[in-house]
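1. Whatever this is, show me its structure:
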Amino acid sequence: MTESFVTNTDAFLARRRALHEQLSGPVLLAAGEPASRNYPANRHRFRATSHFLYFVGRPLAGSAVLFDAGRSTLFTLPPDPDDALWHGPRPPLTELATELGFDAVRPLDQLDAILAPLREKLATLPTQDAPSARWLSERLGRPVLERTGAALGDARDAALADAMIALRLCHDDAAVEQLRHAARVSAKAHVAGMLATRTDGTESDVHAAMLAVLRKNGLEDAYGPIVTVHGEVLHSDDHSQPTRPGDLLLADVGGETAEGWAADITRTWPVSGRFSPTQRAIYEVVLAAQGAAIAVAKPGRRYRDTHEAAKRTLVEGLVALGIFRGDVDGLLDRGAAALFFPHGIGHLLGLDVHDMEDLGDRAGYAPGRTRSTRFGDGYLRLDRDLVAGMAVTIEPGFYQVPGILSDPRRTDPLGADLRRDVLAKYADVRGIRIEDDVLITKDGNEVLSSGAPKTVAEIEALMQP
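-> Prediction:
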């Protein structure tokens, strides 16, 4: 059975009202322009900027929204007579205004005249493509960069960015339902991937089975899917390798709803359907690290605490296995966790799979907090206090990355306390990551992606013939 639904217009009206209440000056947000491949008419699927989608919920290419004096006006291309032939008929602008709940919907060619008296006051946010950045620059009469991250030099844009961060950090009920939907369908895709795994197949077989579930339920990819037997390559986009007995397969796959809301789930399972003793041992350590981190993810706690909890549990587990020896605190101080877990515990989740990362650490880090300079910890994308309504990922891992394990800068501080003779026994573990989508609630948290099996017993039971 397929799943699909759209958010009630009232949610978008409430979001627009909330922005008007936060800012007194006019705001212009662009949807972005579609990109072409090979020649202009051969276009990639268009995905509007997330800031635009937050208020509109529809990927209207080339459009823009103007917020001014308590009114929200959508500017878009009017229907073209050729639409009926090439794309299907489009509704007239008056009908679109009613459908989307805007005060007015006007032809895009009227925008410049409306903006003329507002140009000195207008605020905007970075867009996702260079043509749109140039288009905004022309409208505002000042440079607007593509994907500027935290470098918002204009005070008006900086104030708008802060207002958007305040609005989008905690999700409203409509957004939560979208996130639940994306996670639920994506969890089904992971089940399909496990069931499709064969010892005489390829990564692409699994990849295809997972994407089929997403497409059947109307979801696109929230990001480039990772389906690989080389889990030590964190963002591998190759799906051509065979799946052989003894391999672990890591799948980092999440869908995106029609309104743009994302899921981000990673599971790791044995190609043969059963973990080897060494694979099971490391997997249980990573699962325990994730459990410790999720237990910390509750209102009032700092997100960095989840990262530290995962690091500590991971090192404790590796000490128990004999891979490390010595005092856990001392090992952590010397960078033991980052040797096998060299990335942050996760990130914000919402309309972007790394939500609001186009605004850089301005969104991810609370005022006064900055990134660590330590290897591994410096990749932590989020350091805010958790509050109800926030959605985050929790995704610890264990990876044997040759470039790290052969780097004296990373290994020398551990010296003989890294027992390479013991580590060699775990050669059949290239990479393991376990990732869930977690909604912070008033009483704790809700694991949105719980439908994807992750215990050893669950995975092995599912994969038996």
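
2. going forward, measure contacts and count neighbours with C-alpha atoms only.
-> OK.

3. buried ones in stretch 24-33?
-> Neighbour counts over stretch 24-33 (16 or more other CA atoms under 10 Å) mark 25-33 as buried.

4. Show residues contacting the helix or strand hosting A133.
-> Per DSSP states H and E: A133 is located in helix 130-140. Outside helix 130-140, the residues that touch it by CA atoms under 8 Å, 6 or more residues apart in numbering are 30, 32-33, 112, 115, 119-120, 122, 126-127, 143-146.

5. OK, contacts around the residue nearest the centre of the chain?
-> For the chain, the residue nearest the mean C-alpha position is V353 (1.7 Å; CA atoms, centre = their mean). Residues in contact with V353 (CA under 8 Å, 6+ apart) are 222-223, 261-264.

6. picking up where we left off before, from the buried residues of stretch 24-33, which land in strands?
-> Residues of the buried residues of stretch 24-33 located in strands (DSSP state E): 27-30.

7. Would you check which pair of the contacts of V353 lies furthest apart?
-> Farthest pair in the contacts of V353 (CA to CA) is Y223 and W261. Separation: 11.5 Å.

8. Settle it for me: which of the two has more neighbours?
-> In this view Y223 and W261 are compared by other CA atoms under 10 Å, and W261 has more residues nearby, 29 against 17.

9. Quick check: that one touching A391?
-> No: checked against CA atoms under 8 Å, the pair W261 and A391 is beyond contact range at 11.3 Å.

10. what residues are shared contacts of the two?
-> With CA under 8 Å, 6+ apart as the test, W261 and A391 both reach G350.

11. hey, what's T127 bridged with?
-> E146 (DSSP bridges).

12. now do T243
-> Beta-bridge partners of T243, as defined by DSSP bridges: G201.

13. Could you report the distance from it to T199?
-> 5 Å (CA to CA, to the nearest Å).

14. ditto for S236
-> Using CA to CA, we find S236 at a distance of 20 Å from T199.

15. got the contact list for A30?
-> Counting by CA under 8 Å, 6+ apart, A30 makes contact with 49, 52, 62-65, 127, 132, 136.

16. between these, which is nearest D428?
-> Nearest to D428, judged by CA to CA, of those is T49 at 41.7 Å.

17. any idea of the pLDDT on the closest residue to the closest one other than its chain neighbours?
-> Spatially, and ignoring its direct neighbours in sequence, T49 is nearest to A31 (5.3 Å; CA to CA, 6 or more residues apart in numbering). On the pLDDT scale, A31 is placed at 95.

18. Identify the residues contacting A31.
-> Applying CA under 8 Å, 6+ apart, the residues contacting A31 are 48-49, 52-53, 59-64, 127.

19. that older thread, of the ones in strands among the buried residues of stretch 24-33, which is the nearest to A209?
-> Nearest to A209 among those, counting by CA to CA, is A30 at 35.3 Å.

20. Please name the bridge partners of that closest one.
-> A64.

21. again, but for R302
-> Beta-bridge partners of R302, as defined by DSSP bridges: D385.

22. unless I'm mixing things up, it is touching L382, no?
-> No: taking CA under 8 Å as the definition, R302 is not a contact partner of L382, at 9.5 Å.

23. of these two, who's got more company?
-> Shown here are R302 and L382; by other CA under 10 Å, L382 has more neighbours (27 against 17).

24. can you pull the contacts of that one?
-> 303-304, 346-348, 361, 364-365.

25. how about a cut-off of 6 Å?
-> The contact partners of L382, taken as CA atoms under 6 Å, 6 or more residues apart in numbering, are 347, 364-365.

26. got it, and L145?
-> So L145 contacts A133 (CA under 6 Å, 6+ apart).

27. Give me the pLDDT for it.
-> pLDDT, L145: 71.

28. Check the offset of the one helix or strand in the chain whose mean pLDDT sits lowest from the chain's centre.
-> Of all helical and strand segments in the chain, the minimum by mean pLDDT, DSSP states H and E falls on helix 83-86, at a mean of 80. Distance of helix 83-86 from the chain centroid (CA atoms, centre = their mean, to the nearest Å) equals 35 Å.

29. still on that earlier bit, out of the contacts of V353, which is nearest to R16?
-> For those, the nearest to R16 is W261 (17.9 Å; CA to CA).

30. Apart from its neighbours in sequence, what residue is nearest the closest one?
-> Distances taken as CA to CA, 6+ apart place L351 nearest to W261, at 4.3 Å, with adjacent residues excluded.

31. related to what we said a few turns ago, T243 and T199: which is more packed in?
-> A side-by-side neighbour count of T243 and T199, using other CA under 10 Å, places T243 first with 24 against 15.

32. who touches L349 in this structure?
-> Neighbouring residues of L349 by CA under 6 Å, 6+ apart: 355, 391-392.

33. where does this protein dip in pLDDT?
-> 1-6, 146-153 (pLDDT under 70).

34. can you do 80?
-> Applying pLDDT under 80 to the chain flags the ranges 1-7, 84, 128, 145-153.

35. In it, which helix is the longest?
-> The single longest helix within the chain, with elements called by DSSP state H, is helix 173-196.

36. Remind me what that helix packs against, helices and strands.
-> Contacting helix 173-196 under the criterion 3 or more CA pairs under 6 Å, 6 or more residues apart in numbering; DSSP states H and E are the following elements: helix 203-216.

37. Okay, angle between the helix it packs on and helix 173-196 too, please.
-> Orientation note: helix 203-216 sits at an angle of 140 degrees relative to helix 173-196 (axes from the mean of the first three to the mean of the last three CA atoms, to 10 degrees).

38. So what touches the following helix or strand past helix 203-216?
-> Next in sequence after helix 203-216, counting helices and strands by DSSP H and E, comes strand 220-221. Here strand 220-221 makes contact (CA under 6 Å, 6+ apart) with 255-256.

39. How are the helices of the stretch 301-450 of the chain distributed by residue range?
-> Using DSSP state H, counting those that start in this stretch, the helices of the stretch 301-450 of the chain run over 303-321, 328-333, 336-340, 361-364, 402-405, 408-411, 420-423.

40. Kindly present the ones you listed as TSV, with separate columns for mean neighbour count and distance to A18.
-> TSV is the format used below for the helices of the stretch 301-450 of the chain (neighbours: other CA atoms under 10 Å; distance: least, CA to CA, whole Å):
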stretch	mean neighbour count	distance to A18
helix 303-321	23	26
helix 328-333	15	44
helix 336-340	24	41
helix 361-364	23	18
helix 402-405	12	47
helix 408-411	14	48
helix 420-423	13	54
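
41. okay if I get those as a markdown table plus distance to F275?
-> Output for the helices of the stretch 301-450 of the chain, formatted as a markdown table (distance: least, CA to CA, whole Å):
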| stretch | distance to F275 |
| --- | --- |
| helix 303-321 | 17 |
| helix 328-333 | 27 |
| helix 336-340 | 20 |
| helix 361-364 | 36 |
| helix 402-405 | 23 |
| helix 408-411 | 28 |
| helix 420-423 | 17 |
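
42. who wins for proximity to R433 among those?
-> helix 336-340 (11.1 Å).

43. per the record, what domains does this structure have?
-> Domains of the chain are assigned by automatic domain parsing as 9-168, 173-463.

44. Just the terminal-to-terminal distance for the last one.
-> Separation of the first and last residues of domain 173-463 by CA to CA is 36 Å.
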